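Engineer: I'd like to go over a predicted model; first the sequence, then the structure.
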Amino acid sequence: AVKRTIDVIASAFGLTILAPVLLLVALAIKLDSRGPVIFRQQRSGRGGETFDLLKFRTMVEGADELKDSMMDLNMHATSKRRMFKIQSDPRVTRVGARLRRWSLDELPQLWNVFRGDMSLVGPRPLIPSESRLVEGRYEVRLRMRPGITGPWQTLGRSDIGFEDMIKLDYTYVMNWTLAEDLKLMMRTLGAVVRARGAY
């Protein structure tokens, strides 16, 4: 209950204070390339229920349709269970690259937090096809709302493979404390500045 209360208050405050930034980013995206300002993608949430995760669009229009033709560029291609990440993704727009560098593309997720789809801190929000790969004791991640940030995001983001990511999330869920959430939020600031794994 305390965690959810913090989420509601902090996300409402963030959306209000950052409104001018959100508008400027939206304008930059619109002027830079064709397509919608907001990118929506289904993710698996608490209890396995799906929701539309919101992000500022950082790729060219129709980027998802190009994914299959770029599988050989996936930096996690050798892993048995893997996520899809390209270090220098040619689909990323000029403005999109800058947004990713400073994680500004994730600001719309404050609305997901306010709605109750997500939390400020939690397990990584997986797409359904990735979520189905999580088995056994690691399914405990479904007890909590996925987070805008979490151990995966603070320790390297895209540089961390799928197997290590689900282990980090398992440890987070099983040992959750409010103090740990606060530590992870502080570490997130450092991770954003270093931009490690921000592809």
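Structural biologist: Here it is on my side, so go on.
Engineer: CA atoms for contacts and neighbours, from now on please.
Structural biologist: Noted.
Engineer: now the spatially most central residue of the chain: how far from residue 28?
Structural biologist: With distances taken as CA atoms, centre = their mean, the chain has residue 148 as the residue nearest its mean C-alpha position (5.5 Å). The gap separating residue 148 from residue 28 is 23 Å, by CA to CA, to the nearest Å.
Engineer: Output the lowest mean pLDDT helix or strand found in this protein.
Structural biologist: The weakest-scoring helix or strand in the chain, judged by mean pLDDT, DSSP states H and E, is helix 151-155 (a mean of 84).
Engineer: Tell me the residue in the protein that is farthest from the middle.
Structural biologist: residue 31 (24.4 Å).
Engineer: got a list of what that one touches?
Structural biologist: Neighbour list for residue 31: empty [criterion: CA atoms under 8 Å, 6 or more residues apart in numbering].
Engineer: in which helix or strand would I find it?
Structural biologist: helix 19-32 (DSSP states H and E).
Engineer: which intervals of the chain have sub-threshold pLDDT?
Structural biologist: Applying pLDDT under 70 to the chain flags residues 63-87, 156-158, 195-199.
Engineer: What about residue 34, how many residues nearby?
Structural biologist: Here the number of neighbours of residue 34 (other CA atoms under 10 Å) works out to 11.
Engineer: All the strands of this protein, residue numbers only.
Structural biologist: 38-44, 50-56, 119-121, 147-149 (DSSP state E).
Engineer: Let's have those strands in CSV, adding distance to residue 137.
Structural biologist: Output for the strands of the chain, formatted as CSV (distance: least, CA to CA, whole Å):
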stretch, distance to residue 137
strand 38-44, 17
strand 50-56, 20
strand 119-121, 20
strand 147-149, 19
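Engineer: Pick the most deeply packed of those strands.
Structural biologist: Neighbour counts (mean count of other CA atoms under 10 Å) averaged over each of those peak at strand 119-121, with a mean of 26.
Engineer: can you tell me which of the strands of the chain comes nearest to residue 14?
Structural biologist: If you check each of these against residue 14 by CA to CA, strand 119-121 wins as the nearest, at 11.1 Å.
Engineer: counting contacts, what elements does the closest one pack onto?
Structural biologist: If you count contacts as 3 or more CA pairs under 8 Å, 6 or more residues apart in numbering; DSSP states H and E, strand 119-121 packs onto helix 2-17, helix 109-115, strand 147-149, helix 178-194.
Engineer: List the contacts of that strand.
Structural biologist: Outside strand 119-121, the residues touching it (CA under 8 Å, 6+ apart) are 4, 7, 11, 110, 112-113, 145-150, 181, 184-185.
Engineer: Name every strand pairing with that strand and say which way it goes.
Structural biologist: strand 147-149 (parallel) (DSSP bridges).
Engineer: mind checking how far the partner strand is from the chain centre?
Structural biologist: In terms of CA atoms, centre = their mean, to the nearest Å, the centre of strand 147-149 is found 6 Å from the chain centre.
Engineer: what does stretch 106-113 give?
Structural biologist: Worked out by CA atoms, centre = their mean, stretch 106-113 lies 10 Å from the chain centre.
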